[in-house]
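Engineer: the following comprises the amino acid sequence and a computationally predicted model.
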Amino acid sequence: MTAYHLLQAILFAGMLAVAVRRTRELLWRGARVEARPFTSALRGALRAGNAARARALAEGAGNAWLGRIARLAFEARDARLDVGALVDEEILELRHAVSRSPRQLRALASLASVAGLLGACGELLWLLGGDHGLKALQAGLVEAMATNGALLSLAMGMATASVALAARAGLAREGRTLLADGQRLAASLERLLDGEGR
């Protein structure tokens, strides 16, 4: 393993760190509540006129996106503001968080692919033009070292790109679901709350 392969390993570790951080931000921290039961319970409490229960549900959701949207809706109603306008800001922030993850992972996948090809080219250039010293005395050793280094570089690049693209696809899918749930909740709360406190 050469210093270049070590840099590729660092790139792989960095890509994993980005994937884990984005997954934690978007899903583990931001989607801690089940959307359908939460939305149904919230709507049921509001339709029954039990605003205290609805607020308790919103507070109980903590920092989850749906809880933040619900709390903003209640704050807008209390301040006699347009519920839809205030909640739309949170939806825009959610949309930004959803779109940011796939872009970063796609860029890292492209970088890993290029790094794998560059590493393989570097090994072949070393084979063709490098000073091999005493290694050249053993038949086939230099060729085997260059071939192994090129294959390792390609394999590391492909592995990093594959994991990044798989993480990107998963985060994009889950992010779209979370965004759709947030938009549905926002629309429901706008209908139920907008104008109540006016």
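Structural biologist: Looks like it arrived, so ask away. Numbering: from 1, shown residues only.
Engineer: I'd like the next helix or strand past the helix or strand containing residue 57.
Structural biologist: Here residue 57, judged by DSSP states H and E, is contained in helix 51-60. Downstream of helix 51-60, the next assigned helix or strand under DSSP H and E is helix 65-78.
Engineer: that next one vs helix 51-60, what angle?
Structural biologist: Orientation check (axes from the mean of the first three to the mean of the last three Cα atoms, to 10 degrees): helix 65-78 against helix 51-60 gives 140 degrees.
Engineer: if we can go back for a sec, which other residues reach the helix holding residue 57?
Structural biologist: The contact list for helix 51-60 (Cβ atoms under 8 Å, 6 or more residues apart in numbering) reads 38, 41-42, 45-46, 67, 70-71, 74. Just so you know, the C-beta spots here come from the backbone N, C-alpha and C atoms, and that holds for glycine as well.
Engineer: make it 6 Å
Structural biologist: If you take Cβ atoms under 6 Å, 6 or more residues apart in numbering as the criterion, helix 51-60 is touched by 41-42, 45-46, 67, 70-71, 74.
Engineer: next, the buried residues of it.
Structural biologist: Neighbour-count burial for helix 51-60, counted by 16 or more other Cβ atoms under 10 Å, picks out 54-55, 57-58.
Engineer: need those in CSV with distance to residue 126 and pLDDT, can you?
Structural biologist: Converted to CSV, those look like this (distance: Cβ to Cβ, whole Å; pLDDT from 0 to 100):
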residue, distance to residue 126, pLDDT
54, 68, 88
55, 67, 88
57, 64, 88
58, 62, 87
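Engineer: relative to residue 15, which of those is nearest.
Structural biologist: Within the buried residues of helix 51-60, distances to residue 15 taken as Cβ to Cβ reach their minimum at residue 58, with 35.9 Å.
Engineer: the closest one and residue 68, how far apart?
Structural biologist: 9 Å (Cβ to Cβ, to the nearest Å).
Engineer: and residue 172, by the same measure?
Structural biologist: Look at residue 172 and residue 68: by Cβ to Cβ, they are 21 Å apart.
Engineer: list the helices and strands the longest helix anywhere in the chain packs on?
Structural biologist: Taking DSSP state H as the criterion, the chain has its longest helix at helix 141-193. Counting contacts by 3 or more Cβ pairs under 6 Å, 6 or more residues apart in numbering; DSSP states H and E, helix 141-193 packs against helix 3-23, helix 35-47, helix 65-78, helix 83-129.
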